[in-house]
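> need a 3D model of the following:
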Amino acid sequence: MDTKKRSAAIVLAAGSGKRMGGSEPKQFMQLGGHPVLYYTLKAFEESRVDEVVLVTSEDWVSFCRDEIIGKGPFSKVTKIVTGGAQRYHSVAKGLEAVQDAEIVMIHDGARPFVTPDLIDDLLEKTIEYPACVTATPLSDTVKLVDEEGYCQDTPPRDRLWAVQTPQSFSYPLIMEAYRRLLREEESLLAKGIGITDDAQVCELFGKTKVRLVKGSYFNRKLTTPEDLLLAERLLEITQNI
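Numbers count the residues shown, from 1 in each chain. Next up, the predicted model:
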């Protein structure tokens, strides 16, 4: 990696995780004796990223500071900022908090199986391509359905990838794209356009092609109770590799 390019990571932990159920958001549920978020932050701590900005809800700031950051080897976490109403609002707040970075990486806190190697590989790719996202080829056939639930089309599987985080960008590029998004937010909502990831923001407002980088099938996002059960087993496997 070009050491002259300073990098930062924004880790998002502000979601409520309603589909998971339970009394606490999924990123704070226990996994192998630690909160899920612990493993996410640990991967970035062990990577080449220079700085980590953690974005969480106001109710969980003290928990993150005292029970995770304060008890773990997380010297790279420079700031904890509160998130917004939607994911993209939280990303925008994280971007504003980043200091002097040339490359910024955005990652969901509920993906605890990201690895330092995957992070470092993505950083390397972002030096050559200003917008990169991790993704994996789909193994299942995908159907496009109509409003009544009938199959409408079958896209070619060899052209379909499941996009993950982290997603990595030139900082000036993604910062300007998010500023444009916030300026045009009402217009997008009126058109029924939803923002689901950072690559989409770059596609809409950065006017830059997004490069896919091979991710990992282990890099799962925990969304449902079944995901947490699988994560317990996956943690056992990965710790024994």
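> report the beta-bridge partners for the residue most central in space within the chain.
Among the residues of the chain, the one closest to the centroid is His107, at 2.3 Å (Cα atoms, centre = their mean). With DSSP bridges as the criterion, His107 is bridged to Val11.
> need the contact list for it.
By Cβ atoms under 8 Å, 6 or more residues apart in numbering, His107 lies in contact with Ala9, Ile10, Val11, Leu12, Thr40, Phe44, Val114, Thr165, Pro166, Gln167. From N, CA and C alone the C-beta is placed, and that goes for glycine too.
> in strands, which of the residues you listed fall?
The strands, defined by DSSP state E, take in Ala9, Ile10, Val11, Leu12, Thr165, Pro166, Gln167 from these.
> how about the contacts made by Tyr150?
Neighbour list for Tyr150: empty [criterion: Cβ under 8 Å, 6+ apart].
> how close does it get to Thr196?
As judged by Cβ to Cβ, to the nearest Å, Tyr150 and Thr196 stand 24 Å apart.
> which one of the contacts of His107 is nearest Asp140?
For the contacts of His107, the closest approach to Asp140 (Cβ to Cβ) belongs to Thr165, at 20.6 Å.
> what about the lengthiest helix in the chain, average pLDDT?
Taking DSSP state H as the assignment, the helix of the chain that covers the most residues is helix 225-240. In this model, helix 225-240 has an average pLDDT of 86.
> give me the buried positions along it.
Asp227, Leu228, Ala231, Leu234, Leu235 (16 or more other Cβ atoms under 10 Å).
> output the contacting helices and strands for the lowest-mean-pLDDT helix or strand in the chain.
The weakest-scoring helix or strand in the chain, judged by mean pLDDT, DSSP states H and E, is helix 225-240 (a mean of 86). Applying 3 or more Cβ pairs under 8 Å, 6 or more residues apart in numbering; DSSP states H and E, one finds that helix 225-240 contacts strand 30-31.
> what residues sit buried inside stretch 79-90?
In stretch 79-90, counting by 16+ other Cβ under 10 Å, buried: Ile80, Val81, Gly83, Gly84, Arg87, Tyr88, His89, Ser90.
> so where's the chain uncertain?
The chain contains residues with pLDDT under 70 at 1-4, 17-23, 240-241.
> quick one: the strands in it?
Under DSSP E, the chain gives strands at 7-13, 30-31, 34-35, 51-56, 77-82, 103-108, 131-137, 144-145, 151-153, 161-170, 211-214.
> how far out from the middle of the chain is the longest helix of the chain?
Centroid separation for helix 225-240 versus its chain: 19 Å, with Cα atoms, centre = their mean, to the nearest Å.
> stretch 8-16 now?
Worked out by Cα atoms, centre = their mean, stretch 8-16 lies 7 Å from the chain centre.
> try stretch 161-171
7 Å.
> do stretch 82-89 as well
Centroid separation for stretch 82-89 versus its chain: 13 Å, with Cα atoms, centre = their mean.
> quick one: end-to-end distance for that stretch.
Length of stretch 82-89, first residue to last, Cα to Cα, to the nearest Å: 10 Å.
> who's in contact with it?
So stretch 82-89 is contacted by 12, 14-15, 55-58, 61, 90, 92-93, 178, 181, 195-196, 201 (Cβ under 8 Å, 6+ apart).
> 10 Å instead?
Residues from elsewhere that reach stretch 82-89 (Cβ atoms under 10 Å, 6 or more residues apart in numbering): 12-15, 54-61, 90-94, 106, 108, 178, 181-182, 185, 188, 194-198, 200-201.
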